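Enquirer: need coordinates for the following:
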Amino acid sequence: MVTIEQVAQHAGVSVATVSRTLNNSPAVKAATAQRVRQAIEELRYVPNQPARNLRRNESQVILALAPNFSNPYYSRILTGIGDRAWELEYSVLVCNTLGHANSELRFLKMLESHQADGAILLGCHWDYGWLARFAQQSHIVQCCEYVPDLACPSVSIDNYAATREMVAYLQGLGHSRIAMIGADNQYISTRLRRQGYLDILAEAGLEPRAELYRLADAEYSFASGLAAAQELLAETPRPTAIFCVSDILALSVISAAQELGLDVPGDLTVTGFDDVDYTTIVHPYLTTVSQPCHEMGRRSVDLLLDGLQNGKAVPSERTFLPHRLMKRESAAPPKFAETI
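Expert: Residues are numbered from 1 along each chain as shown. Predicted structure coming up:
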């Protein structure tokens, strides 16, 4: 078995230089690093990764905490996390928290025992102040959701701006009786989408109406969306457009409308949020807000490992990636003049 000492001798450098090269240290000159890598390749040297990790007090593992694996929105982010981690030679331990703080706390304790080097949280609630304990001691990045008052970096889109853009689009089509289906959870995205909806209505001189707002359950389940849609469509007059905070909820609205014999978008405009794969499987294709989920996952890994590899704190800043309004078949002008 080839040793690190043999690699050093072959490259004409010290063992410390070989070690620094393996750790991608910026202290090694490019020409020297190239010579070391050539020696590694020629000798077919394989580093003892467990021993390296033990010496550096690292595991080469990052945690990815997600509240729901079955939701395609989270699965796309997790794919981005896994792809980028693999490129950077890290392993990812994906943990299903079911949205429970106790589960997240249990997994995060792995950071204290050095079973993992850092964590990416996909479903932290806006009031998770207890995360400060871990953010002060460990490397943590919040992805898609974040705690507003926590000094910890996050990667997401601007949910408030995206909602305003969508509702303004509906108003531009001629809709004024616009309903909303939110979710009964404590995510900052849900709060921001609700606020964006209210603010854009107010700016158009439209009074928010309680009968035009319903809540699905915390997991955005199809069944809860169906129940919320049935209530909204029973209103007289019924809404001519329904904005949903997730694509799954929007698809449940389309199903409820079709059961009542309503045409989408002829009788009812429906829009979603996220742009998961289901949105273009059957007609009408769903008008929605597209989030760069895969890139959000990749960017979260970059932020996390930048701090880990350079031995510095991750900047506590909000990173907002661009969203896109996907105008498809489920949105159209109202068939008749609306009664406010």
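
Enquirer: show the contacting residues for P322.
Expert: I157, P292 (Cβ atoms under 8 Å, 6 or more residues apart in numbering). No exception for glycine: its C-beta is placed from N, CA and C like everyone else's.

Enquirer: check whether it sits in a helix, strand or coil.
Expert: Put simply, P322 is coil when judged by DSSP: H, G, I helix; E, B strand; the rest coil.

Enquirer: for A162, see how far away it is.
Expert: According to Cβ to Cβ, to the nearest Å, P322 stands 10 Å off from A162.

Enquirer: check F107 too.
Expert: Per Cβ to Cβ, F107 is found 30 Å from A162.

Enquirer: so which of the two has more stuff around it?
Expert: Neighbours per residue, other Cβ atoms under 10 Å: of F107 and A162, the larger number sits with A162, 23 against 20.

Enquirer: hmm, the more buried one is touching H323, no?
Expert: Yes. Counting by Cβ atoms under 8 Å, H323 is a contact partner of A162 at 4.6 Å.

Enquirer: for these two, list the residues in contact with both.
Expert: Residues touching both A162 and H323 (Cβ under 8 Å, 6+ apart): V289.

Enquirer: next one: stretch 78-96 to chain centre, how far?
Expert: 14 Å (Cα atoms, centre = their mean, to the nearest Å).

Enquirer: give me the distance between the two termini of it.
Expert: End-to-end distance for stretch 78-96: 11 Å, by Cα to Cα, to the nearest Å.

Enquirer: avg pLDDT for that stretch?
Expert: Stretch 78-96 shows a mean pLDDT of 91.

Enquirer: so for it, what gets flagged as buried?
Expert: Under the neighbour-count criterion of 16 or more other Cβ atoms under 10 Å, stretch 78-96 has L78, G80, I81, G82, R84, A85, Y90, V92, V94, C95 buried.

Enquirer: find the helix or strand that the first one is a member of.
Expert: Assigned by DSSP states H and E, L78 falls within helix 72-87.

Enquirer: over to the last one?
Expert: Following DSSP H and E, one finds C95 within strand 91-96.

Enquirer: and the next helix or strand past that strand?
Expert: Counting by DSSP H and E, the next helix or strand C-terminal to strand 91-96 is helix 101-112.

Enquirer: got the buried residues for that following helix?
Expert: Using 16+ other Cβ under 10 Å as the test for burial, helix 101-112 gives E104, F107, L108, M110, L111.

Enquirer: what strands line up against the strand holding C95, and which way round?
Expert: Strand pairing for strand 91-96, determined by DSSP bridges: strand 61-66 (parallel).

Enquirer: and the angle for the strand it pairs with with helix 72-87?
Expert: With axes from the mean of the first three to the mean of the last three Cα atoms, to 10 degrees defining the directions, strand 61-66 sits at 170 degrees from helix 72-87.

Enquirer: residues in contact with strand 61-66?
Expert: For strand 61-66, contacts defined as Cβ under 8 Å, 6+ apart pick out 74, 77-78, 81-82, 85, 90-97, 104, 107-108, 110-111, 115-123, 301, 304-305.

Enquirer: show me the helices in this structure, by range?
Expert: 4-11, 15-22, 30-43, 49-56, 72-87, 101-112, 132-137, 159-172, 188-203, 222-233, 247-259, 293-310 (DSSP state H).

Enquirer: average pLDDT for stretch 266-283?
Expert: If you average the pLDDT values across stretch 266-283, you get 95.

Enquirer: ok, now stretch 110-125?
Expert: The model assigns stretch 110-125 a mean pLDDT of 90.
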